[in-house]
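Enquirer: Got a sequence here, can you build the structure:
(one chain, ligands or ions: 1)
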Amino acid sequence: MTKDLNTDPIWYPFTQMKLAAPPIHIERAKDCTLYGKDGKEYIDAVSSWWVNIHGHSNEIIAKRIAEQALKMEHIIFAGFTHSPAIDFAKKLIAILPENITKVFFSDNGSTAVEVALKMALQFWYNQGDKKKTKIIAFENAYHGDTFGAMSVGAKSTFNAAFEGHLFQVDYLPTPNFENIEIVKNQLVELVKHQDVAAFIFEPLVQGAGGMLMHEAQHLDQLIQIAKQNNVICIADEVMTGFGRTGKNFAINHLQNQPDIVCLSKGITGGFMPLGVTVCAQPIFDAFYSNNKAKTFFHGHSYTANPLSCAAAIASLEILLSEECQLNIHKIAQSHSQFGETIKGEPFVKTLRQQGTILAIELNTEEDSSYFNTIRDDVYEFCLNEGVLLRPLGNTIYIMSPYCIKSEELKKVYAVIEKVIEKFKTKHKE
Ligand SMILES: *Cc1c(COP(=O)(O)O)cnc(C)c1O
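Expert: Here you go, the predicted structure:
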């Protein structure tokens, strides 16, 4: 089957339309399986870009959306409010760290990040602090595709065309056991002039950067330095939130809590677009004023969409159920057992795991860039084997819905074992 994507009316994201194979047409999806129009089935081992935490077409979430749709699909969210938003905000705050008291709605991960950055910058502006405008981010970070989010992300081929339009950011290496003292000193140096507004980070796991992981204790030390120096800490939990790291949020692994947290992706169980930026009371207090100029001037047409909020409430209830918590625990255990069996392979360069996320970096001659060819070959191979895995460069990772059955996990592991066997000829000596 050949079809020129040039004649396709759809322009697909992250797709070189001239080189890409025609997209696979999926007709329906249930739990962890995608059913192709051509009869082929795929295990969705990446939760469809990390959003689907409870399996496809989950009946509880679907029903709640349907009920809400017949009651009220959407209303303007300034001057008006509704129960799905109120209920979700209350339920979310109840499971977030104690310092978090306010929920600001938007509709995707990038906007949740934009909101966080604007909140942090205006926090200082509203208090008349003209100096505090700098932002610190981690190397290899990914925070989304809008301009602010691109600015705080790592500079790469992905955003090279816009580089002149991105604001300046100071980058800090992600900490590890070797560099932690150096990184701490570097941070102390960066914050000493009291001109840093915020420090933004993906806690514990840097997703799009290649499933890179760092220790909670190290991040904790950096947050402490930031806080001691009046720097607002922003945790971008767009990917890590809602159980991914084994706890409800990655920040639950920390002692020091951030001031602002960005959430999206798994928030609605993968049903509806929704983003939230939650913050601590002092952030909100800097906007709370008789002065209208101190208002937070931000909002999107679909802010707090009731259907999205209904899905988010249902998804949260499922997440907190005993069954789901047990599934999360089981996946984590299963991943570490599988990791043990492939650890010694020379073609396996490093294994990284945080809760339900397992990353396997292959020992290839090419670097771990998104553009290396092994990525495409492994992707194709896995699809042919009936498993959707989307390697980041030479790093294969599993990030399945929590309801994945043990037989399905076994199939995913078996395909990864085949990859290791088949591609090891490209192994670096
Ligand atoms: C995916 C992602 C984003 C961007 O979210 P979108 O909904 O794709 O805009 C931001 N931050 C992190 C950590 C992400 O993984």
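
Enquirer: secondary structure element for the most centrally placed residue in the chain?
Expert: Centroid-nearest residue in the chain: Met239, 1.8 Å away (criterion: Cα atoms, centre = their mean). Remark: Met239 resides in no helix or strand, with elements defined by DSSP states H and E.

Enquirer: so who does it touch?
Expert: Contacts for Met239 (Cβ atoms under 8 Å, 6 or more residues apart in numbering) come out as Trp50, Gly109, Glu202, Val205, Gly207, Lys265. C-beta coordinates here come from the backbone N, C-alpha and C atoms, glycine included.

Enquirer: And Ala216, by the same measure?
Expert: Ala216 neighbours (Cβ under 8 Å, 6+ apart): Pro203, Leu204, His253, Leu254.

Enquirer: What score does the first one have for pLDDT?
Expert: When you say that, I think you mean Pro203. Confidence at Pro203, expressed as pLDDT, is 98.

Enquirer: Helix or strand next in line after the helix-or-strand element of the chain with minimal mean pLDDT, which one?
Expert: Across the helices and strands of the chain, mean confidence by mean pLDDT, DSSP states H and E is lowest for helix 373-384: a mean of 94. Following helix 373-384 in sequence order, the next helix or strand is strand 387-388 (DSSP H and E).

Enquirer: and that following strand, what's its mean pLDDT?
Expert: Mean predicted confidence for strand 387-388 is 98.

Enquirer: I would like the residues contacting it, please.
Expert: Identification of contacts with strand 387-388 by Cβ under 8 Å, 6+ apart yields Leu34, Tyr42, Ile43, Asp44, Ala45, Val46, Cys382, Lys411, Val412, Val415.

Enquirer: Among the residues you listed, which lie within helices?
Expert: Members of the contacts of strand 387-388 lying in helices (criterion: DSSP state H): Cys382, Lys411, Val412, Val415.

Enquirer: Report the two of the residues you listed separated the most.
Expert: Farthest apart among the ones in helices among the contacts of strand 387-388 by Cβ to Cβ are Cys382 and Lys411. That separation is 10.7 Å.

Enquirer: joint contacts of those two?
Expert: Counting by Cβ under 8 Å, 6+ apart, nothing touches both Cys382 and Lys411.

Enquirer: Counting neighbours around each, name which of those two comes out higher.
Expert: The neighbour count for Cys382 versus Lys411, taken as other Cβ atoms under 10 Å, is higher for Cys382 (23 against 17).

Enquirer: low-scoring pLDDT stretches of the chain, where are they?
Expert: Along the chain, the parts satisfying pLDDT under 70 run over 1-3, 366-372, 426-429.

Enquirer: which bits of it sit near the ligand?
Expert: 108-110, 113, 142-144, 202, 207-208, 236, 238-239, 264 (Cβ under 6 Å from any ligand atom).

Enquirer: ranges for the helices of this protein?
Expert: Along the chain, counting by DSSP H, helices occupy 47-50, 59-71, 83-95, 109-126, 147-152, 180-191, 216-228, 281-285, 306-320, 322-342, 373-384, 406-423.

Enquirer: Give the other helices and strands that the longest one contacts.
Expert: For helix 322-342, the packing partners by 3 or more Cβ pairs under 8 Å, 6 or more residues apart in numbering; DSSP states H and E come out as strand 348-354, strand 357-362, helix 406-423.

Enquirer: Please apply the same query to the third one.
Expert: For helix 83-95, the elements it packs on are strand 100-106, strand 275-280, helix 306-320, judged by 3+ Cβ pairs under 8 Å, 6+ apart.

Enquirer: could the ones you listed be laid out in CSV, adding mean neighbour count?
Expert: Compiled in CSV, the helices and strands packed on helix 83-95 are given as follows (neighbours: other Cβ atoms under 10 Å):
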stretch, mean neighbour count
strand 100-106, 21
strand 275-280, 25
helix 306-320, 24
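
Enquirer: Nearest to Phe296 among those would be which one?
Expert: Of all these, strand 100-106 sits nearest to Phe296, with 7.5 Å by Cβ to Cβ.

Enquirer: Parallel or antiparallel, list what pairs with the closest one.
Expert: Strand 100-106 has the following strand partners under DSSP bridges: strand 275-280 (antiparallel).

Enquirer: neighbouring contacts of the partner strand?
Expert: Contacts with strand 275-280, where a contact means Cβ under 8 Å, 6+ apart, come from 92-93, 96, 99-113, 115-116, 119, 238, 257, 259-264, 267.
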